[in-house]
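Undergrad: Predicted coordinates and the sequence they were generated for:
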Protein chains: 2
Amino acid sequence: MSHTTKPKTDLEIALESPMQHITTIAEKAGIPEDALELYGKYKAKIDTTQLNHLTADAKVVLVTAINPTAAGEGKSTVTVGLSDALNQLNERVMVALREPSLGPVMGVKGGATGGGYAQVLPMDDINLHFTGDLHAITTANNALAAFIDNHIHRGNELNIDPRRIIWKRVLDMNDRSLRHVMVGLGGPAQGVPREDGFDITVASEIMAIFCLAKDYQDLKKRLSKIVIGYTYDKEPVFVKDLAVEGALTLLLKDAFKPNLVQTIEGTPAIIHGGPFANIAHGCNSIQATHTARKLADIVVTEAGFGADLGAEKFMDIKSVQGDLHPDAVVIVATVRALKMHGGMDKKSLQQENVGALTIGIQNLEKHIQTVREFGIEPVVALNRFITDTEAELQTVIAWCEAQGVEVALTNVWEQGGAGGLELAKKVLEVLNRPNQFSPLYDVKDSIEQKVTTIVQRVYGGKGVQFTDQAKKQMKEIEKYGWDQLGICMAKTQYSLTDQPNLLGRPTDFTVTIREIIPKLGAKFLVCLTGDVMTMPGLPKEPAALRMDIDEQGRPVGLF
Amino acid sequence: MSHTTKPKTDLEIALESPMQHITTIAEKAGIPEDALELYGKYKAKIDTTQLNHLTADAKVVLVTAINPTAAGEGKSTVTVGLSDALNQLNERVMVALREPSLGPVMGVKGGATGGGYAQVLPMDDINLHFTGDLHAITTANNALAAFIDNHIHRGNELNIDPRRIIWKRVLDMNDRSLRHVMVGLGGPAQGVPREDGFDITVASEIMAIFCLAKDYQDLKKRLSKIVIGYTYDKEPVFVKDLAVEGALTLLLKDAFKPNLVQTIEGTPAIIHGGPFANIAHGCNSIQATHTARKLADIVVTEAGFGADLGAEKFMDIKSVQGDLHPDAVVIVATVRALKMHGGMDKKSLQQENVGALTIGIQNLEKHIQTVREFGIEPVVALNRFITDTEAELQTVIAWCEAQGVEVALTNVWEQGGAGGLELAKKVLEVLNRPNQFSPLYDVKDSIEQKVTTIVQRVYGGKGVQFTDQAKKQMKEIEKYGWDQLGICMAKTQYSLTDQPNLLGRPTDFTVTIREIIPKLGAKFLVCLTGDVMTMPGLPKEPAALRMDIDEQGRPVGLF
């Protein structure tokens, strides 16, 4: 990959790429026109009730990664490129992705829609408001908060202790000033003063529920089970006690339908739901994956961050709740990130350093082991960057071959599907073999047992310790009979441990659980380690400063 | 109007009413298919750049009302019914309405989409998230708030005084607990602590700007002029100082396109923008009105609350900024509200009381005078309710005839357009006469002069007094050269005065201006009187408690 001129931006490439009308894409995917609700010419929601007669039996390819750098390793790009490659090989394929959050879009990161010639379109719409799903989730979340405070203000029949409300408000925004707030100030007519805070929308339990619910009735039932806080007698208070699960479901009615779009190469793509991969499970909706599985023979999907976070949760939470499992797992690795895991400074990653690479490759080694723990043989996608040297690339390839693990070089950013053909062929081979998938734990195990399993078998650590607070919470959770749920670890994405600066492959470490938060609607217990950010902040120079529209109303400066 | 069984709800009537595909409605309205962006089968956004060759020359009928009761007098219902009646009379007519806010929908009030057989469809979608316009405005508003707090947190190059920030956050929610908050708590990494508050989205200056901007460039220019607060040296800080007007415009890009829907009788309707009629100007967008004026021969539109608020602002703000004016004005009155203005208790309004009615009719008399002040001859629509007696109805009609003012009985809730034919015919007569429309003041007049004109000629009061704070603000506004803008009065809708309980037609009163808030983007100065609510609260039993979806995913209990 070489450029004599300035390379095009993702937005420029996206705007230059011709799109097919979404009805054409739907026809190709086998979606009856009646089941489509168009949102402009290039987006549509799918009325899944019209696909009830189909069986969700496509094979599932899960794309995950090593522990990433802050810039990401191109996992979404590889996911899109792999789908396009499979499409080029005449497979009936669909790609299923998460919806981007506006917070990071306005802040610092690139979009969640892939990059270069491996993007989903229309990328500008998808990265901005798309079909409004996140706004509907924000609204439902904040309606619930308003109902809670209104209940207390209006006499507090349920005896809710304002100091023990755990339901937070949300915005789809990076806004650190809202992390800790006091609400209800200003006197008796303005509500009851209490400490509160805002999370980013993708951290809302409603987002997790939205992504795990099978249908409207399941959605409503899960919403009714949310614990919003505790009474003065320390008894849990549920959404059903407030009797607003119907209203919340109504607010999510349209958002709950999966969204159909296309890749640059015209591969049908479903983009739906996008929970955080730390505080939540980091996978697109079960609705989306099921719909894609009904329509295609192969569904390529991804999970957030590295295999220690997103992939673990895909297999232990989404697969278990959604009655599905991956048939192949792709681990995206980059020379750049492996060198960082080998001790190189972030600023010098552009320099060749086979020594650092050879050390850092242990991080990849652990993730390969992790995928094998689940009974699946992984394929490594070595995602090429412009600064990679031939010696470095060959080092990784030779190492993989020596380990007996399939590896393929990908160059989908520059070449689209053509840059992922080798990977696609290797994935097809794996799909043809039987696999022995099994989740790592049984939800009936004790909390300590489940967490220990994840720490030892996924992170490669020695064991777990719980803070006094976490121990107390564990007892309460057991008392209420909520312990037989999945575990959703909230951990830094940068390290296999709970310390963001411990790169490579640390061993002999202990993970500390600081807090356990029951998410009964999502059917998991969030185990917080270290400092987990649930409301990001903006950088000194937010991406927004570059954004604009031109005279024709087209977007400018969006990545 | 009589019912032997329980009358159908607005939602039941709406769901039973067959809709035409929105492309059929567009064809009828003369909108080229290329200019449509479908949102499902029954909603579409209109790309107005494809209508540039058309002239906005339709006549405008403005529907306003007497000072309303809390339940409203059916102004939207009459607006829709009148359009359907004109449609039945084979006029090329479109109706232009405001978008409902979700806050009141979840709280207490009926929808803003009309009622009975005079509704716009799909009423459930329109009352819930519609095409996401309000969410886009919420997002732009809160992105700006995040940029401000981030700027201060990151070194505060602009020297912004956190105690003098006037830009508030918003939610499209009735949430009293957010009226007064402290943000930025939790230590140095969590922003800078300061007092803040949330308004409801429709109170955002961005909503007002959105509704007054002519095109994207005007939108961006107006956004750049918003005053977000003041420096430690008390100098104003503008959005352009933060350089985020491009990003805010980008966030509003799609929302800015007007939305096309239909009435139950298939009359094309444009619903776009919905600013509060107290803190803002209470009219749908200029974009929407212009688009409708390009397509139809007659546009029927409305303005919030009574003629003292919405209609005054329609004629002094929207008309002046949008280069348009009403050709006819309909004043909606009800026997029920007139009896309340005559001193009857709210609870006994169902009883016949010609005496109270005869006294209360003075409220109508003032609004008739007000419309005449603008050089237009009004038509009174006496909107019939089931409890009205023949004697009461005849009293109003006879009074109007004695005053030489056109009056028509409407029964559009029950009969749709057929119930508004008499009104439609009288409106057509007025449209055929020339009118001498003129706004009441020149923006070049002094602030005191402009406010005094409104108080005397619209409210019928004696004069104005300014609090010390308002006087100080007035001086500052003059110092900065911002005084030559429109006046947007923020006043109770229930009374002609600034006291909500002074009903009927008070005389000899003074209005107190407590505060003057410059809205440079909207090009008006908000003059606050009394206690003006910019963030409503929920009632003890929110409407949300009745809401649900059924097995087929259809809405239940939405009005």
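TA: On my side now, so go ahead. Predicted model, so just to flag it, every value in this text is computed and none were measured.
Undergrad: Burial check on residue A:409, number of neighbours?
TA: 18 (other Cβ atoms under 10 Å in any protein chain shown). Quick note: C-beta positions are derived from backbone N, CA and C, even for glycine.
Undergrad: and it, what helix or strand is that in?
TA: Following DSSP states H and E, one finds residue A:409 within strand A:406-410.
Undergrad: go on, residue A:476?
TA: Judged by DSSP H and E, residue A:476 forms part of helix A:468-479.
Undergrad: distance between that helix and the chain's centre?
TA: On the basis of Cα atoms, centre = their mean, to the nearest Å, helix A:468-479 is displaced by 28 Å from the centre of the chain it belongs to.
Undergrad: residue ranges for the helices of the stretch 201-350 of chain A, please.
TA: A:205-212, A:216-224, A:239-242, A:245-252, A:286-295, A:312-313, A:319-322, A:335-341 (DSSP state H, counting those that start in this stretch).
Undergrad: got JSON lines for those helices, with mean neighbour count, mean pLDDT and distance to residue B:120 too?
TA: Shown next, in JSON lines, are those (neighbours: other Cβ atoms under 10 Å in any protein chain shown; pLDDT from 0 to 100; distance: least, Cβ to Cβ, whole Å):
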{"stretch": "helix A:205-212", "mean neighbour count": "30", "mean pLDDT": "98", "distance to residue B:120": "29"}
{"stretch": "helix A:216-224", "mean neighbour count": "20", "mean pLDDT": "97", "distance to residue B:120": "26"}
{"stretch": "helix A:239-242", "mean neighbour count": "20", "mean pLDDT": "98", "distance to residue B:120": "31"}
{"stretch": "helix A:245-252", "mean neighbour count": "26", "mean pLDDT": "98", "distance to residue B:120": "19"}
{"stretch": "helix A:286-295", "mean neighbour count": "26", "mean pLDDT": "98", "distance to residue B:120": "30"}
{"stretch": "helix A:312-313", "mean neighbour count": "29", "mean pLDDT": "98", "distance to residue B:120": "44"}
{"stretch": "helix A:319-322", "mean neighbour count": "20", "mean pLDDT": "97", "distance to residue B:120": "39"}
{"stretch": "helix A:335-341", "mean neighbour count": "27", "mean pLDDT": "96", "distance to residue B:120": "54"}
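Undergrad: Could you export the ones you listed as JSON lines, including distance to chain B?
TA: Compiled in JSON lines, the helices of the stretch 201-350 of chain A are given as follows (distance: least, Cβ to the nearest Cβ, whole Å):
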{"stretch": "helix A:205-212", "distance to chain B": "14"}
{"stretch": "helix A:216-224", "distance to chain B": "5"}
{"stretch": "helix A:239-242", "distance to chain B": "9"}
{"stretch": "helix A:245-252", "distance to chain B": "3"}
{"stretch": "helix A:286-295", "distance to chain B": "12"}
{"stretch": "helix A:312-313", "distance to chain B": "27"}
{"stretch": "helix A:319-322", "distance to chain B": "20"}
{"stretch": "helix A:335-341", "distance to chain B": "24"}
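Undergrad: For the nearest residue to residue A:196 once chain neighbours are set aside, what are phi and psi?
TA: Nearest residue to residue A:196 in three dimensions, chain neighbours excluded: residue A:183, at 4.7 Å (Cβ to Cβ, 6 or more residues apart in numbering or on different chains). When read as degrees, to the nearest 10, the backbone of residue A:183 gives phi -110, psi 170.
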